[in-house]
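Undergrad: can't give you the sequence, but here's the structure:
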């Protein structure tokens, strides 16, 4: 459950969907699913969706990206799209 902004240096609490930006990230037991088309039969592990939220203030300057070693991280807006998490 999302309770606060995904920016580690921000303490804003999640209250309403209309305030900020919600991200949905598909992950499996080994980490984020690589980009590109995949058939359900190609996936070896069940997928789950993790939810992340950036408050309105943070969403104006940062977004989320998937780092293979650290998982979901915040990055400045303008980072190449292939590295950003899909925004919902």
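TA: Perfect, I can see it now. Treat the numbers as computed from the prediction; the structure is a model and nothing was measured. Numbering: from 1, shown residues only.

Undergrad: On the C-terminal side of the helix or strand of the chain with the lowest mean pLDDT, identify the next helix or strand.
TA: Counting by mean pLDDT, DSSP states H and E, the weakest-scoring helix or strand in the chain turns out to be strand 31-32, with a mean of 53. Sequence order places strand 48-54 as the next helix or strand after strand 31-32, per DSSP states H and E.

Undergrad: So for that next one, what gets flagged as buried?
TA: 52, 53, 54 (16 or more other C-beta atoms under 10 Å). C-beta: built from backbone N, CA, C; applies to glycine.

Undergrad: what mean pLDDT would you report for it?
TA: What strand 48-54 shows for mean pLDDT is 91.

Undergrad: what's the answer for stretch 20-30, then?
TA: Stretch 20-30 comes out at a mean pLDDT of 81.

Undergrad: Next: stretch 69-78.
TA: Per-residue pLDDT over stretch 69-78 has a mean of 88.

Undergrad: got the buried residues for it?
TA: 72, 74, 75.

Undergrad: Can you tell me which of these end up in helices?
TA: The members of the buried residues of stretch 69-78 all map outside helices under DSSP state H.

Undergrad: Of these, which belong to strands?
TA: Judged by DSSP state E, the subset of those located in strands is 72, 74, 75.

Undergrad: any idea how far the last one lies from residue 54?
TA: Using C-beta to C-beta, to the nearest Å, one obtains 11 Å as the distance from residue 75 to residue 54.

Undergrad: shared neighbours, the two?
TA: 62, 63, 64 (C-beta atoms under 8 Å, 6 or more residues apart in numbering).

Undergrad: okay if I get the residues you listed as TSV plus neighbour count, secondary structure and distance to residue 25?
TA: Converted to TSV, the shared contacts of residue 75 and residue 54 look like this (neighbours: other C-beta atoms under 10 Å; DSSP: H, G, I helix; E, B strand; the rest coil; distance: C-beta to C-beta, whole Å):
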residue	neighbour count	secondary structure	distance to residue 25
62	21	strand	15
63	21	strand	12
64	23	strand	8
